[in-house]
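1. below are the sequence and a predicted model; questions follow.
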Amino acid sequence: MARGSVRTKIFVISMRDAAQRRHAFISSGIPKSMPWDFFDAHEKLHAGLHYDEDKAIIAKGRPLKPGELGCFSSHHALWQKLLKDDADQYLILEDDILADWSFLKSLIAEDHGESGHDYIRLYYKKPAPQRILQRDFVCRTTRLIELSGYCFGTQAYLLTKNGAQRFLDNINAVDRPIDDQMDRSWVHGVPNLAVFPFPVLERAIPSAIGTSRFENYQIPERLKLRRFVSRQWERAAYQILGRRRFRFQL
């Protein structure tokens, strides 16, 4: 991978009034040699996105919460910003992380678009089928893997211009949380790549989105059949398009 000529910018998604979380991030040890900026998180959907509650219930099994809509908008807006920017790639972080800054400094010095690695997540929440693509990725003992299925989380990822364009071309329907949509590589075609072991961890603090999304939701009778059919199609598509070439490796 080429070094030196790639242009990488770092943005940290954070609510404008999240003073304590912002202070914690500023104090997290990010080197002065890695310039970055806060990106004020959206609190509602921005122009170009449309939310249909019935479609969300059919796709996800419940309505999306306001915080999830804001999170979707924030990441979507940064993808749009990248396309208009003079940067080649963005490192997108959320403000509740702990990071190995030395690793990240080396990571952003490489041109991942040149290697076709358009989307590389640096943390995820749920184990998923995986296959190893490259050993000693960026540094010794670190691996680049490809994931299959849902693993969740948007805490930290690197995105190239090409990756942003492909996401924008395929992710506009707001019927699932943004991380669900990004995980669905068998639908949008952007490989779900990740670094392991994780160079980023999520701090154990309350989510700005809240926990009410985990409460039981009673699906309206008028949508139950459509929800059932949607789940069967989703499972079939994943098995046919997303899972078949993946096996756990030791």
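-> Now that the structure is in, tell me what you want to look at. Numbers count the residues shown, from 1 in each chain.

2. show me where pLDDT drops low in the chain?
-> Applying pLDDT under 70 to the chain flags the ranges 1-4, 206-213, 244-250.

3. show me where the chain has helices.
-> With DSSP state H as the criterion, the chain has helices at 19-26, 53-60, 66-84, 101-108, 161-170, 178-183, 185-188, 221-237.

4. the fifth one vs helix 66-84, what angle?
-> Angle of helix 161-170 versus helix 66-84, following axes from the mean of the first three to the mean of the last three C-alpha atoms, to 10 degrees, is 130 degrees.

5. return the set of buried residues in helix 161-170.
-> Within helix 161-170, the residues scored as buried using 16 or more other C-beta atoms under 10 Å are K161, N162, G163, A164, Q165, R166, F167, L168. Backbone N, C-alpha and C define where each C-beta goes, glycine included.

6. want to throw the helices of the chain into a markdown table with distance to D118?
-> Formatted as a markdown table, the helices of the chain follow (distance: least, C-beta to C-beta, whole Å):
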| stretch | distance to D118 |
| --- | --- |
| helix 19-26 | 26 |
| helix 53-60 | 25 |
| helix 66-84 | 11 |
| helix 101-108 | 14 |
| helix 161-170 | 3 |
| helix 178-183 | 12 |
| helix 185-188 | 11 |
| helix 221-237 | 22 |
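
7. tell me which of these sits nearest to F11.
-> For these, proximity to F11 was assessed by C-beta to C-beta; helix 66-84 is nearest, at 6.0 Å.

8. list the buried residues in the closest one.
-> Neighbour-count burial for helix 66-84 flags 67-80, 82 (criterion: 16+ other C-beta under 10 Å).

9. and if you look at stretch 97-113?
-> Using 16+ other C-beta under 10 Å as the test for burial, stretch 97-113 gives 97-101, 103-104, 107-108, 110-113.

10. I'd like those as CSV, with distance to A87 appended.
-> Compiled in CSV, the buried residues of stretch 97-113 are given as follows (distance: C-beta to C-beta, whole Å):
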residue, distance to A87
I97, 21
L98, 25
A99, 19
D100, 22
W101, 19
F103, 20
L104, 16
L107, 15
I108, 10
E110, 14
D111, 12
H112, 12
G113, 11
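
11. go through those and name the one nearest K224.
-> Of these, the one sitting nearest to K224 (C-beta to C-beta) turns out to be I97, at 38.6 Å.

12. for the spatially most central residue of the chain, list the residues it contacts.
-> The centroid of the chain falls nearest to T154 when counting by C-alpha atoms, centre = their mean (3.6 Å). The contact partners of T154, taken as C-beta atoms under 8 Å, 6 or more residues apart in numbering, are C71, H75, I92, E94, I178, D179, M182.

13. of all those, which two lie farthest apart?
-> Spanning the widest gap among the contacts of T154 are E94 and M182, at 13.5 Å by C-beta to C-beta.

14. still on that earlier bit, from K125, how far out is the residue nearest to the centre of the chain?
-> Between T154 and K125 the distance is 10 Å, computed by C-beta to C-beta, to the nearest Å.

15. over to D17?
-> Between D17 and K125 the distance is 26 Å, computed by C-beta to C-beta.

16. show me which of those two is the more surrounded one.
-> K125 (13 against 10; other C-beta atoms under 10 Å).
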